[in-house]
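K.L.:
got a predicted model here, sequence first, then my questions.
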Amino acid sequence: MKSNMITSDQFAENWLLLPDERPLLTNRMPHGRLGVALLLKFFQEMGYFPDKRGDIPKEAVDYMAVQIGVSPSAWYDLAWEGPTIK
């Protein structure tokens, strides 16, 4: 019987920021770096951008924040309304 559970290795593979993706984060505030990285990886995995902040798993936020060296709380500083996020 095949499990639908995602393994930690699969999670890490899907949410690992690659070296050639890191330049997208330069010259941004912490919330912008985290936001760009999360939206990029979500899009790569799902094929569309999230409709709301909660569509991105907390585990992904935490994992990405560690990778780029910012606090996970920076995700909540990102304005979710307005033209920039759209």
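P.N.:
That came in fine, so what should we check first?

K.L.:
and the residue nearest the centre of the chain, what helix or strand is that in?
P.N.:
By C-alpha atoms, centre = their mean, the mean C-alpha position of the chain lies nearest to Leu38, the distance being 1.5 Å. Using DSSP states H and E, Leu38 falls within helix 30-46.

K.L.:
how about that helix: buried residues?
P.N.:
Within helix 30-46, the residues scored as buried using 16 or more other C-beta atoms under 10 Å are Pro30, His31, Gly32, Arg33, Leu34, Gly35, Val36, Ala37, Leu38, Leu40, Lys41, Phe42. (C-beta placed from N, C-alpha, C; glycine too.)

K.L.:
can you redo those as JSON lines with distance to Tyr48 and pLDDT?
P.N.:
Converted to JSON lines, those look like this (distance: C-beta to C-beta, whole Å; pLDDT from 0 to 100):
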{"residue": "Pro30", "distance to Tyr48": "25", "pLDDT": "93"}
{"residue": "His31", "distance to Tyr48": "22", "pLDDT": "91"}
{"residue": "Gly32", "distance to Tyr48": "21", "pLDDT": "92"}
{"residue": "Arg33", "distance to Tyr48": "22", "pLDDT": "94"}
{"residue": "Leu34", "distance to Tyr48": "20", "pLDDT": "95"}
{"residue": "Gly35", "distance to Tyr48": "16", "pLDDT": "93"}
{"residue": "Val36", "distance to Tyr48": "16", "pLDDT": "94"}
{"residue": "Ala37", "distance to Tyr48": "17", "pLDDT": "96"}
{"residue": "Leu38", "distance to Tyr48": "14", "pLDDT": "95"}
{"residue": "Leu40", "distance to Tyr48": "13", "pLDDT": "95"}
{"residue": "Lys41", "distance to Tyr48": "13", "pLDDT": "95"}
{"residue": "Phe42", "distance to Tyr48": "8", "pLDDT": "94"}
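
K.L.:
mind putting the residues you listed into a markdown table with distance to Trp75?
P.N.:
As requested, the buried residues of helix 30-46 are exported to a markdown table (distance: C-beta to C-beta, whole Å):
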| residue | distance to Trp75 |
| --- | --- |
| Pro30 | 10 |
| His31 | 7 |
| Gly32 | 11 |
| Arg33 | 10 |
| Leu34 | 5 |
| Gly35 | 7 |
| Val36 | 11 |
| Ala37 | 10 |
| Leu38 | 7 |
| Leu40 | 14 |
| Lys41 | 13 |
| Phe42 | 12 |
